[in-house]
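Asker: When you get a sec, could you give me coordinates for this:
(one chain, ligands or ions: 2)
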Amino acid sequence: APAAVTCPTGQVTGNAACCALFPIVDNLLQAQLFDGGECGEEAHSALRLSFHDAIGFSLQGGLGGGADGSILAFNQTETAFSANAGYNLPYLDEQFPIFLQSGLSAGDFVHLAAAVGTSNCPGAPRLKFFLGRPPPVAPAPDNTVPKPEDTVDSILARFADAGFSPEEAIALLSSHTVAAADVIDVTIPGTPFDTTPFTFDTQVFLEVLLKGTLFPGTGPHVGEVLSPIFGEMRLQSDFALARDDRTACFWQDMVNNQEHMMSAFATVMAKLQVLGQDTTQLIDCSDVVPVPQVLANPNIEFPPTFGTADLELNCPSLTFPSLATAAGPAPTVLPVPGS
Ligand code: HEM
Ligand SMILES: [Ca+2]
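Answerer: Ligands and ions are numbered 1, 2, ... in the order given. Take a look at the predicted model:
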């Protein structure tokens, strides 16, 4: 490995080629795009965008270039796809001028922004970043991104076609711990998927296993199923994957297992973020990614009023962890403020 170098900005990195990234991380991403380093709407969107960009790839060929930034460079085309609803306007409009200022290729920008945005969420693993993706050649075709109304068969088939096992698909869905929906029910934008949308904890894996009883807005809408908690959105896809014979144990194994979730998510994101790229041509600049805050207490609890009786489990081979119930009245989750 090359010796560590001290950059003109004072930061230390393993490769001088990475020095140019520190001002981009500090001044463009953290200060501007992420409002001073928040795990807010823009950080969530940056993470989601890395998925929608990379998944436009097939092991069989014939689809897009994977983690190449095509979703940003050709945003007029790709954001017209229905699965990409929810960012076309606010987030890409915000990211695009910052991307142009950065001087990075679209792929490097999308995947650096995802790694840095995720680092703002306490409890997240520190994601890797590799520099040097060439500019994208063409937009990805439509229908590469799974939709919440898709069947488990179709979702797992799409992940497999892109090179991901069912276990890796569930690891990727850890991302829904820092997530909210704007377009599933447009009457309630920013409706989170768990009670802690600013914390990268395992709460989402627990809450999706609770019996659903209500719709947070005017539901049911396409891709939406009953939620257990006021102000919380449940995707049909998360619901089904948490209960399907092929994935229920991978899902349940994440509950109250912060270390396992962090390492599984970091590993699968490292794969996702270079999908379709020639990694021999990329430089490891992971040391430019900020170190996320560690959770002081990674143990989760049932939300107030919930307990074991509310669980819908389908993994007989795993013992469900023993969890306390948080004190207080039945919760209402507040929306994530928009950009
Ligand atoms: C089965 C696969 C998946 C489906 C069906 C799915 C579906 C969705 C939907 C419908 C939304 C809300 C959109 C809206 O109404 O605004 C969403 C949000 C989100 N998704 Fe996924 N998703 C999947 C996998 C992933 C993966 C693999 C990642 C990242 C690794 C990811 C990251 C996110 C994030 C961070 C958000 C929140 C965005 C925000 O709050 O602005 N998702 N997802
Ligand atoms: Ca959370």
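Asker: use CA for all of it now, contacts and neighbours both
Answerer: Will do.
Asker: ranges for the strands of this structure?
Answerer: Assigned by DSSP state E, the chain shows strands spanning 5-6, 12-13, 130-131, 180-181, 191-192, 224-225, 234-235, 283-284.
Asker: wait, which of those is closest to Leu275?
Answerer: strand 130-131 (11.5 Å; CA to CA).
Asker: With respect to burial, which of the strands of the chain scores highest?
Answerer: Ranked by mean neighbour count, these are led by strand 191-192 with a mean of 27 (mean count of other CA atoms under 10 Å).
Asker: what is the mean pLDDT for that strand?
Answerer: Averaging pLDDT along strand 191-192 gives 98.
Asker: Packing partners of that strand?
Answerer: Under the contact criterion of 3 or more CA pairs under 8 Å, 6 or more residues apart in numbering; DSSP states H and E, strand 191-192 touches strand 180-181.
Asker: Show the pLDDT at the nearest residue to Phe74 once chain neighbours are set aside.
Answerer: Once flanking residues are discounted, Phe74 sits nearest to Pro139: 5.7 Å by CA to CA, 6 or more residues apart in numbering. Note for Pro139: predicted pLDDT of 88.
Asker: do Glu78 as well
Answerer: Listed pLDDT for Glu78 reads 66.
Asker: Kindly report the residues of the stretch 201-339 of the chain close to ligand 1.
Answerer: For the stretch 201-339 of the chain, the residues in contact with ligand 1 (CA under 6 Å from any ligand atom) are Ser237.
Asker: one more time with 8 Å
Answerer: For the stretch 201-339 of the chain, the contact set with ligand 1 under CA under 8 Å from any ligand atom comprises 223, 235, 237-238, 269, 336.
Asker: nearest to Val178, of those?
Answerer: When those are compared for distance to Val178 (CA to CA), Val336 wins out at 9.9 Å.
Asker: separation between that closest one and ligand 2?
Answerer: With distances taken as CA to the ion, to the nearest Å, Val336 is found 12 Å from ligand 2.
Asker: okay, now that residue: neighbour count?
Answerer: 19 (other CA atoms under 10 Å).
Asker: contacting residues for it?
Answerer: 40-41, 180, 190-192, 197 (CA atoms under 8 Å, 6 or more residues apart in numbering).
Asker: and if we set it to 10 Å?
Answerer: 40-41, 178-182, 189-192, 197-198 (CA atoms under 10 Å, 6 or more residues apart in numbering).
Asker: Can you report phi and psi for it?
Answerer: phi -80, psi 120 (degrees, to the nearest 10).
Asker: And the nearest residue to Leu226 once chain neighbours are set aside, what's its pLDDT?
Answerer: Counting by CA to CA, 6+ apart, Leu226 lies nearest to Gly212, which is 4.5 Å off, once chain neighbours are set aside. Note on Gly212: pLDDT of 98.
Asker: just Asp245 next, same as before
Answerer: Value for Asp245, per-residue pLDDT: 98.
Asker: Give me the distance between the closest residue in space to it that isn't next to it in sequence and ligand 1.
Answerer: Once flanking residues are discounted, Asp245 sits nearest to Asn314: 7.0 Å by CA to CA, 6+ apart. To ligand 1, Asn314 is 19 Å away according to CA to the nearest ligand atom, to the nearest Å.
Asker: Quick one: name the residues of the stretch 151-300 of the chain near ligand 2.
Answerer: Proximity of the stretch 151-300 of the chain to ligand 2 (CA under 5 Å from the ion) is limited to residues 177, 196-197, 199-201.
Asker: cutoff 6 Å now
Answerer: 177-178, 194, 196-197, 199-201, 203-204 (CA under 6 Å from the ion).
Asker: any chance of these in TSV, plus neighbour count and distance to Asp161?
Answerer: As requested, those are exported to TSV (neighbours: other CA atoms under 10 Å; distance: CA to CA, whole Å):
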residue	neighbour count	distance to Asp161
Thr177	24	25
Val178	30	26
Asp194	27	29
Thr196	17	32
Pro197	28	30
Thr199	20	31
Phe200	31	28
Asp201	31	29
Gln203	28	29
Val204	26	26
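Asker: Can you add distance to Asp35 and give these back as a markdown table?
Answerer: Output for these, formatted as a markdown table (distance: CA to CA, whole Å):
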| residue | distance to Asp35 |
| --- | --- |
| Thr177 | 20 |
| Val178 | 16 |
| Asp194 | 22 |
| Thr196 | 19 |
| Pro197 | 17 |
| Thr199 | 17 |
| Phe200 | 18 |
| Asp201 | 22 |
| Gln203 | 25 |
| Val204 | 25 |
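Asker: Just the closest of those to Asn75, please.
Answerer: Val178 (23.5 Å).
Asker: my read: that closest one touches Glu41, true?
Answerer: Yes. Counting by CA atoms under 10 Å, Glu41 is a contact partner of Val178 at 9.0 Å.
Asker: Quickly list what's touching both of these two.
Answerer: Between them, Val178 and Glu41 share the contacting residues 197-198, 336, judged by CA under 10 Å, 6+ apart.
Asker: about what we covered before: give me the distance between the residue nearest to Asp245 and Val222.
Answerer: Taking CA to CA, to the nearest Å as the measure, Asn314 falls 25 Å from Val222.
Asker: Same drill for those two, tell me which one is more crowded.
Answerer: Asn314 (18 against 13).
Asker: quick one, phi/psi of the more buried one?
Answerer: phi -140, psi 40.
Asker: Just list the residues touching it, thanks.
Answerer: Counting by CA under 10 Å, 6+ apart, Asn314 has contacts 209, 242-249, 251-252.
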